[in-house]
Structure formats: C-alpha cells, structure tokens
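Colleague: Got a sequence here, can you build the structure:
(2 chains)
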Amino acid sequence: MKVVIIGNGISGITTARHIRKLSNHEILVISSETEYFFSRTALMYIYMGHMKYEHTKPYEDWFWEKNRIDLLFAKVAQVQAQQKQLQLEDGSLITFDKLVIATGSTPKTLAWPGLHLKGVQDLYSKQDVDLMEENTKDITDAVIVGGGLIGIEMAEMLRSRNINVHFLIREQYYWNSVLPKEEASLINKHIAAHHIHLHTNTQLKEIIGDENGKVKAVITHDGKEIACQFVGLTIGVNPNINFLQNSEIETDRGVLINEYLETNYRDIYAVGDCAQFRQPISLHPAVEQLWYTGKMQAETLAQNICGDKRAYERGIWFNSAKFLDIEYQTYGYMFNKPLEDEQSFYWEHPKGKIACRINYKAASKAVTGFNFFGMRFRQQTANDWIKNETPLQNVMQELEKGFFDPEFFENHYPAIVEKFNTDYPEMAISVKKKKKFLIW
Amino acid sequence: MSKDISLAITDGSGANILQKTGIALLAFGLLATIIAAFGAGATQPVLFFWLSVGFIIAGTLVYAYPYFQHEAGIKNNNIFKNGMTNRGAIAWFTGLVLTGFYIILYWFPQYLDGLIRMCDPLSWLLRNKAADQWFLYGTLYTLAVLVMGFRFIGKYRHNRYQIIRTLSVMFFQLGFAFVLPGLLLMFNEPEFYFSYFWPLKYGYLWPNDINYVISSGGLGYFMIFWGAVMTFIATPLLTYKYGKRWYCSWVCGCGGLAETMGDPYRQLSDKSLKAWKIERYTVHGVLVFIIITTIMLWLNSAWEGGLLGTWSGNFSQWYGFFIGSIFSGVIGTGFYPIFGNRVWCRFGCPMAAILGLFQRFKSKFRITTNGGQCISCGNCSTYCEMGIDVRAYAQKGENIIRASCVGCGICSAVCPRGVLNLENLSERK
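Modeller: Coordinates of the predicted model:
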C-alpha cells in the first residue's frame, strides 16, 4: 500500500514515522517548504543566531532513507480524489492508496492598505525567516501588529538586533484573549523591561510607503503615525487548504474530518493545523493549531491507517510558551476568566516575574487547571490531579511534588502556601519542614 | 520610555561601550604579554606581571559586565553569526595560537622564558621557588577559569544551579589545583593535587610516583591513601548518587576550563551518530590502555624490572606523550574554537570513561523530561558540549541516561519550554 502525505511539518512527519513503526507501507512525504523536516518552533532561534538551520532538523538526513520514508520537494497543485492521484505544479501525477493532508497553516491577514509594500511580512515558514533577514537589514524601527505568540517572538527576534520595536495590540493587556488580567499585566511589565514599546488598545489602519515602494510608517486607527522600515503581521493563522478548492474534499475553515481524522472521501485523511473537526468535543477548538495536538493527532492517524481504528482523544489540555525570558506552562482549560462554576487561586512572586494560578470547581473544590509563569511544573502531576478531580486543599498540600525547577532554585512553596492560607483560612495547611541540605 | 540599554552581547556593530572598552583593555593585556615574552618579563617581572594579568582581568570583567545589566535569561544572541563562535577566520586564528602555545609550552619552553620569569615573584611568594613553565601554565589556567567564570555567572545568572556549579569549579581550580600544590612545595612536601585522581592523573597509582610521594613521610602516606580512596571508594559512591557531574562539571580542572573559558564554544560539538560511535571507541580505548599500562608497571615493579625491562617504562612515556600532552592539551584545549570545549573529556579522558560507565549502568542520576512538552526546537542538542542529541530523547518523552553526560545542566537552562531537569532519582525511574 502506498501512503502519500502532503506536508512535512510535525503532523505529517509524525504520521509517517508512526506508519513506518506499525507497517511496511510505502510512504511518500511531499513538501514545497524544505527538503527535510525541521522544527518550525525554532525558526526564531535561527534569526537570533542561537542556531543554524541544520540544528533545527530533529533527524539527520540519512534517517529518511534508512527508514524507507521517501521525500519529494515539490508543490501539489491539485488533489484528484476520485482518481486517487495528485497533480504537482510541474504537471506530473502521483497516485496513492491513502492520502494524508498535513499542510499546516497560512498566516491570516486583513485588507489593510499597503500590504504589498516591501518590508511588510508575516512569519510562518522557513522562507519567511529568510525574507525577514533581508527585510530587517540595517533598519532601526519596526512595527508588529497582533498580540499573540508569534508577535512576541517576533519582538524578541528584532530586539536581539537592537531594533526599536512598536508592538500594537488590540487589548489592554498582552494576549488578554487567553491570559487572565494578572498574568497578562505581568507580561506587559516584562515587555516594557525589554524596551519594547507596547501600544495597547491600538489597531492598524494603514501602512504607508515611500517612493521606492518600501514601508516608511504605519497609521493606527486613532490617526497616530509610527515611522518604521518593517511591519510584522502576526494576527493568527488559517488552515492552508487553498489548493483543495476544486477537489470535492469538504472544507470549512479547515479540511473537515471526523474523530478518526477521515475526510468525506474514503482513504483521504487530514491532520494537524489544516484539519477541522466536524463535531469538536465541548471546550475543544474545532481547529487545533498546536505543535502538541499535531503530534497527538498524527499518532492516532497512523494507527487508523494501519488498521487499528481508534478515535482521537485529546486528553487533558496542555500548552506552553515563552514570553521573552518568562516561561509559561498551562494544564487543563484555562481561559482569561474562570468558567461560570469555577473559582481561582492566584499567587505572584513579589518581583513580578513568577506566578501560578489554580482553578477549581466552586462547589466540589476539584481542581480544573493550572497556569505557571517563570516556574516549571510536572505535566504528569498536573494531569493526574485534573483527571482525578483532586480537591484544592489536597493539591496545595502536595503542590511541591510537581515542581520541576532545576536544583538550588528558590523554593516558592512556602510563599504560595502563605498566600493560600490567607485567602482560604478555612482550608489552611501547614508546611512541613524540609531536611537541610546534606552532601549524602 | 527610558533610554535604550538593550544589548546584543556578541554583536560587533551594536556592541555596548563597555564591551568595546573591555576588548581594548584585553588587547593592552595581550600586548604587554607579548612584550614580556620577548624579554621584558625577565627584566621587569613585577611590572609586566601586573600589566599582563591586570589588564587581562580588567578587560574580561569589563567585557562580561553587560551580562549583569541585561534582563536575566538565556542570551545566545548572534552566536552563530559571530566568526569567533561559529568557526570563522578569527576562530581558526585563535585555535592556532592556542595550539601553538601548547606546543611551545610542552616541547620548547625556553621560548617562554620572558613569561616564566614574569611569574617568578608570584612563584616565590606561593611556592618559595622560581617559576617554571608549569607554574606559568597553572597561573594562566587559573586566571582563565576565574575571569571566564565571572562571565559565565553573568550569562547564566537566572539559574542558581549554574552559579553554584561555576563557583565550585572556580574554587577547586584556585584552591586545590593552584594554591594548595604551591603551598605544599613551600613546605617541602610533594606537589600534590587533591582534586585529581587516577586514571586522569594516571601517575598517582604508578609505582614511581607513589615511591616519590611516600618518600616525603607522613603527609605522603596520606596523599596516597587519599588518591586510592577517591579512585576506588568515593568515585563509585558519589557517581552512584549524583552521576559523573560531581566531578566533571563541579570539581575537575579540565572540566572547569571547559565550562568557563570553553563556554563560548560549547555549541561546536559534533552531534552526529557517527561522532558518538567514534567517541565510544576512543574514550574506552584510552581507558583500557591506561589500565594495561598501570598493571604492567606494577608487575614490572614487583619483578624489579625483570619482567619487561625498560619496555613498560617506555610504554608509559608514550602514553604521557600522546594522551597526556597531545590529546588533552594540544587538541583538547587548543581546538576549543573548532571542535568545541569538551573534545578531550568526550573522546579521551579515562576518568570520564570510568565515571561514564558507572553513570550509565549504576547511578541515580538522569536528565528527566517533562511529559509531552518538548517542541523539538533543538536548543538542548545544540548547546550540549558533549554532543549528546538530547532532543532525540526529549521529543519522545524519554529520560536521558548517557555515559558521556557531564551534568552541566545547560540543556535544562536553554530549554524554552522547561522540559529538561537534572535529577537524582531511584535507579529504576
């Protein structure tokens, strides 16, 4: 059997690797971005000079041949689902027995005037980073539009070259659509400490260029003009499915799939960023655009393709990010406000760079989720507590067991307990004295 | 918004004024060293000692100071855009200068006489005898560990494990590998390094060295006892409990230099599977070689030279030449800017080989991974000085138990998702 996978990102490659583990199927992965799989999450580090492109490849180049995964550097123009074949841009045809669409995302954009100007770009692909390298050569000022995860990465990238950054966000606080106000304002302060000019409650109206067609400034919705030689647009991503327009494969925002990652066509599947669940489970987004979900979907899909049919299970939600120097880990469903039947405990370090939040059911006190900023926490521990609906007081008693900070780091447990005991005198707990440090 | 003081640490064009000042001071120091080497060091030792050493210290400290001003966090900006840290022309130049220095030091010390004489005042003060090339080397070595240790602490100051570990290697280099051996000489005791053991300091269990040390009486017996206890009892116990890091990245002088002066080059280690295969042959090969040499020397000594004649003596001399000098010095340190900072530790050190075998098969130490949080970015593998492909384990959610890991903790420090941690767990986890 021949399995063809379009896209060599984390979803496509994880599918290929797991099919190989489970079977002897012929596997072909087609990509028009790079010849070999690389880690998209590391693109920022290439620009910042922390790594070279080679370092972002999780497998050495010999890996693919050894594991009999064929790679093709080409662009798919069309999927002919009835005939079970693909047409490449050069006109050649490739047949398949099973097809996996894993084409990822493409940056979102709005119809702003001036999008065509040189120096205006988004950031998603390897090509985008190469372009950014060119666009930011010898510039002094940049504007970033959109306060999400890519936006702050782009700001960090530009600051690594001492470029003045104006960061335009719609809300009053960074990523306030997801982060609660306390955490978001903590990040606001950290952004300022890195000398990034955060323009809150600000939207882009238009981008203006000079006589050479290069960007020279932006104008905000309230008429303010900000001079710049670079505009980064990071307002989010959409599934990358334009090439499926005439294919009779059903799409909405993404390729529509059921819980087995099957499209409306037998033997055609979609996975990762480009896929959209027809019936998402409550609170799950229909389009999951995370590295982790791509990986987990792909593992399920490989089982299905190899005959062990099973539905995709998301498990307890988790995610992570890094905002400049502050690491962020989250477990369970954490939104900018607790759900209606939930309450929230929050602790912040006096220096304002470390924080944690625990949400729990108001009635049963069962914990439902965690946010950690500037402190590392074991996923397994948080996962088990959420799954087992462990009561808040028990979690607080054992919280230290989940700490994942390196040795000798400041232990925040006593401070967290102190805040907890003040907030919840009826549930107060005591901290056991720890053994002193011993060599043996 | 306040005045912009953000730094691109290694970026020439945007470099901070302090960094430029630091480089200028460093240049003065090196210039003074060159002049001293040409003979001025012999005529005016005190002046040139302070001109060289003083300016080198001041220059490095001033250059490193911006790390302390910057927001605490990982600062690897532009490492792969800077020739010095990305095998550019300046890196080859530096590599050749260092290599050349080792060759002159080992085989043509007469050309370093100006520099050696410059160290006389300090040598008389510390050891009550004139300096020789090894004292010059020890002084420069200790100086490098101390000033580059300061830089390291600034760079990783958000991470207490790194700060404490670096203070430890600075302490052991200054105290146990420089001051204490000097004081022992002043009191007419054998020059002994309490922080080095067989098989790294292979002579400490060879008959000739033992006879020399014992001949000094009571303290000599303690030294032999100490060496044997460290090799045969403390090493396995400490490695069982903490992994080989207790030595390689906390105590050892070679490790100390690698972690401090070598830190700018840690990303240059070869991560390929091929390099790992070569490493296993060479590092264990050296270990086998030294065990055989040691056994032969003892047999020969027991039969009073009757068994092997001068052959075993020659054998040990060749070991000293090829492994002790060429491998650990010329290649191990001279090629920092080309092959990375742990070439010797990874491919050659017999002590690392023994510790590695304990770590791999009988130790509580491991690098643990935090569930499924890895994003395969590759920072951990890139900055692993031992060339371990850390990411290959982390992205599978597997713990990392590798013989070569020296437990420097940088993979954990550079991980942007908090996935990696150094832990002493129970053996089975």
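Colleague: Now the residue in the stretch 201-350 of chain A that chain B sits nearest to: closest residue in space that isn't a chain neighbour?
Modeller: Closest to chain B within the stretch 201-350 of chain A is residue A:325: 3.2 Å, counting by C-beta to the nearest C-beta. Every C-beta, even on glycine, is put in place using the N, C-alpha and C of the backbone. Once flanking residues are discounted, residue A:325 sits nearest to residue B:73: 3.2 Å by C-beta to C-beta, 6 or more residues apart in numbering or on different chains.
Colleague: ok, and what's touching the helix or strand residue B:59 falls within?
Modeller: Assigned by DSSP states H and E, residue B:59 belongs to helix B:55-64. For helix B:55-64, the external contacting residues (C-beta atoms under 8 Å, 6 or more residues apart in numbering or on different chains) are B:18-19, B:21-30, B:32-33, B:143, B:147-148, B:150-151, B:154-155.
Colleague: Drop the exposed ones from those and show what's left.
Modeller: Burial by neighbour count, judged by 16 or more other C-beta atoms under 10 Å in any protein chain shown, picks out B:18-19, B:22-23, B:25-26, B:28-29, B:32-33, B:143, B:147-148, B:150-151, B:154-155 from the contacts of helix B:55-64.
Colleague: isn't residue A:37 right up against residue A:11?
Modeller: No. In this structure residue A:37 lies outside contact range of residue A:11 using C-beta atoms under 8 Å: 10.9 Å.
Colleague: Give the closest residue to residue B:329 in space, chain neighbours not counted.
Modeller: residue B:102 (4.7 Å).
Colleague: Walk me through the domains of chain A.
Modeller: With domains defined by automatic domain parsing, chain A comprises A:2-106+A:238-305, A:120-235, A:318-427.
Colleague: Give the helix, strand or coil label for residue 216.
Modeller: Answering for chain A, as no chain was given. With DSSP: H, G, I helix; E, B strand; the rest coil as the basis, residue A:216 sits in strand.
Colleague: that's the wrong chain, I meant chain B
Modeller: Residue B:216 - assigned by three-state DSSP - is coil.
Colleague: Nearest residue to it in space, ignoring adjacent ones along the chain?
Modeller: residue B:190 (5.0 Å).
Colleague: so which helix or strand takes in that neighbour?
Modeller: With DSSP H and E as the test, residue B:190 turns up in no helix or strand.
Colleague: thought it was touching residue B:220?
Modeller: Yes. Under the criterion of C-beta under 8 Å, residue B:190 makes contact with residue B:220 at 6.0 Å.
Colleague: which residues are common contacts for those two?
Modeller: In contact with both residue B:190 and residue B:220: residue B:213, using C-beta under 8 Å, 6+ apart.
Colleague: Could you list the low-confidence segments of the stretch 151-300 of chain A?
Modeller: In the predicted model, the stretch 151-300 of chain A carries no residue with pLDDT under 70.
Colleague: Close to chain B: what parts of it are there?
Modeller: A:159-162, A:164, A:192-195, A:197, A:291-292, A:295-296 (C-beta under 8 Å from any C-beta of the partner chain).
Colleague: between the domains of chain A, which one is nearest to residue B:66?
Modeller: Ranking those by proximity to residue B:66 (C-beta to C-beta) places domain A:120-235 first, at 12.5 Å.
Colleague: what residues are up against the closest residue to residue A:403 other than its chain neighbours?
Modeller: Nearest residue to residue A:403, sequence neighbours excluded (C-beta to C-beta, 6+ apart): residue A:377, at 6.5 Å. Residue A:377 sits next to A:329, A:331, A:356, A:370, A:402, A:403, A:404, B:418 when contact means C-beta under 8 Å, 6+ apart.
Colleague: Go through those residues and say which is closest to residue A:183.
Modeller: Distances from residue A:183 to the contacts of residue A:377, taken by C-beta to C-beta, are shortest for residue A:356, at 9.6 Å.
Colleague: Could you tell me the model confidence score at the residue in the stretch 1-150 of chain B positioned nearest to chain A?
Modeller: Of all residues in the stretch 1-150 of chain B, the one sitting closest to chain A is residue B:73 (3.2 Å; C-beta to the nearest C-beta). Looking at residue B:73, its pLDDT is 93.
Colleague: one step back: so what's the residue count around the residue of the stretch 201-350 of chain A closest to chain B?
Modeller: 19 (other C-beta atoms under 10 Å in any protein chain shown).
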